[in-house]
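**Student:** build me a structure from this.
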Amino acid sequence: MEIDTKQSQQTEIDPERQQQAREYARLRRRLSFISMGIAAIGIIFVFWSGLDTAMRDWLQFLTWQPIAGWYPWQVLVYFLVFMLAYEIITAPLAYFGGFVLPHRYGLSTMTLKSWLIDLCKGLVLGLILEALAVELIYLLLATQPQIWWLWVAVILLFFMVVMANLAPVLILPLFYKFTPLPEGELTRRLLALVERAHTRVSGVFTMHLSSKTTAANAALMGLGNTRRIVLGDTMLDRYTPDEIEVVLAHELGHHVHRDIWKLILSQAVLTL
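**Tutor:** Presented below is the predicted three-dimensional model:
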């Protein structure tokens, strides 16, 4: 749960900051809608213009077929061409929404270089995962044409559980530095709070957000043996132990009510 950058000592809500927050959220929504609109128009154009057929014909030379009906190289090249085209077309939106807008509202501390590095990391990681997903769908279409959609839902469920487990130890460290929070009053209070909620965690960690953002954040991340308390260094610098404990209690509420599992299951069901 993100918290604005106001000082924790303030007891009254700043109307100006609230207005800025609403404006920022509204602009982010507009950018999201524009990106989705570009994707929808692009899909319609590809099929109505015949570009889809032309691309498929051009890729006929990639005939490797490890399993009857599945052409992995054709699928991969087809996917990468159109995804890279989409990324290039929407690059101005990504720059404005990811770099210009956060700086305009005082939410980012990143340089253009560091932002571009993170953007490239995210793009490469996203393309790899999306390409694997697309290949899997076409493989299932070739091997299980009657119930491929059911297999996709089952595998998606498994994948989301694995990703939720690995995110704090494998994915997020690609973008943020994590260090254990030193032993002290705050650590003891948070671990006691977790114990009262009948939850187990592997520890309390500091997420070094200040190199990228001014926003304060606290979360309960991971599943099973990777579940951990994560506090942004921006929160540690500006908020009292009482306030941090309240924020974590809110995050624990999601765990107690099994909101993560509900989200994972609902996403798998929607795939059907």
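
**Student:** next up, the contacts around residue 211.
**Tutor:** Listed by Cβ atoms under 8 Å, 6 or more residues apart in numbering, the contact set of residue 211 reads 109-110, 114, 177. No exception for glycine: its C-beta is placed from N, CA and C like everyone else's.

**Student:** at 10 Å what do you get?
**Tutor:** 109-111, 114, 176-177, 233 (Cβ atoms under 10 Å, 6 or more residues apart in numbering).

**Student:** in ChimeraX, how would I select the buried members of those?
**Tutor:** Once 16 or more other Cβ atoms under 10 Å is used to decide burial, the buried members of those can be selected in ChimeraX as follows:
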select :110,176,233
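
**Student:** give me the distance between residue 49 and residue 85.
**Tutor:** Remark: distance between residue 49 and residue 85 (Cβ to Cβ, to the nearest Å) = 13 Å.

**Student:** try residue 96
**Tutor:** Relative to residue 85, and taking Cβ to Cβ, residue 96 is found at 19 Å.

**Student:** go on, residue 105?
**Tutor:** 31 Å.

**Student:** who has more neighbours out of the two?
**Tutor:** Neighbours were counted for residue 105 and for residue 85 using other Cβ atoms under 10 Å; residue 105 has more, 16 against 12.

**Student:** residue contacts, the more buried one?
**Tutor:** 5, 17, 20-21, 23-24, 27, 214.

**Student:** filter those down to just the ones in helices.
**Tutor:** Secondary structure defined by DSSP state H assigns 17, 20-21, 23-24, 27 of the contacts of residue 105 to helices.

**Student:** low-confidence ranges, this protein, go.
**Tutor:** For the chain, applying pLDDT under 70 flags the ranges 1-13, 268, 270-272.

**Student:** break it down into its domains, please.
**Tutor:** Split into domains by automatic domain parsing, the chain comes to 13-143, 160-272.

**Student:** relative to residue 150, which of the ones you listed is closest?
**Tutor:** domain 160-272 (7.1 Å; Cβ to Cβ).

**Student:** quick one: residue 142 is in a strand?
**Tutor:** No: using DSSP: H, G, I helix; E, B strand; the rest coil, the secondary structure at residue 142 is helix, not a strand.

**Student:** report the contact partners of residue 58.
**Tutor:** 74, 77-78, 81.

**Student:** residue 192 too?
**Tutor:** Residue 192 neighbours (Cβ under 10 Å, 6+ apart): residue 245.

**Student:** which secondary structure element contains it?
**Tutor:** Taking DSSP states H and E as the criterion, residue 192 maps to helix 185-196.
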